[in-house]
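Asker: output the structure for:
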Amino acid sequence: MVPDAQDLLRAEMGSVPVDRVDADAILAVLRPVWAATPETARRVRARIENVLDAAKAAGRRQGENPARWKGNLAHRLPGRADRARSS
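Answerer: Residues are numbered from 1 along each chain as shown. As a prediction, this is how the structure comes out:
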């Protein structure tokens, strides 16, 4: 059974303070499901990005959002075409 987005986030990042979340922590959540369930992985990444954006707006973190796709995770995870070729 593939865990849903909420399960993945709770299991991997539930106790990490928002100001300590970095790209490596996000990749640790995404990599195990990225190829097998890309839609779940996409939703998890988007949810993390939204949470971190809200935390920044509330003054609970500073700097760039490590969950941002463009210019960040897009360079560290295979895109859709890459996943299709590796299947």
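
Asker: for the rest of this, base every contact and every neighbour count on C-alpha atoms.
Answerer: Noted.

Asker: just the CA atoms of stretch 54-64, as CSV, please.
Answerer: C-alpha atoms of stretch 54-64 as CSV (Å, rounded to 0.1, in the frame of the first residue of the first chain):
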residue,chain,number,x,y,z
ALA,A,54,3.0,30.3,5.3
ALA,A,55,5.7,29.9,7.9
LYS,A,56,7.8,32.6,6.2
ALA,A,57,4.8,34.9,6.0
ALA,A,58,4.2,34.4,9.7
GLY,A,59,7.8,35.2,10.5
ARG,A,60,8.7,31.6,11.5
ARG,A,61,11.4,31.1,8.8
GLN,A,62,13.6,33.1,6.5
GLY,A,63,15.2,32.7,3.1
GLU,A,64,14.2,30.8,0.0
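
Asker: what is the burial count for Arg45?
Answerer: As a burial measure, Arg45 scores 23 neighbours (other C-alpha atoms under 10 Å).

Asker: just Arg31 next, same as before
Answerer: 14.

Asker: which of the residues in the helix or strand harbouring it are buried?
Answerer: Here Arg31, judged by DSSP states H and E, is contained in helix 23-34. Neighbour-count burial for helix 23-34, with 16 or more other C-alpha atoms under 10 Å as criterion, is recorded at 26-27, 29-30, 33-34.

Asker: lovely, talk soon.
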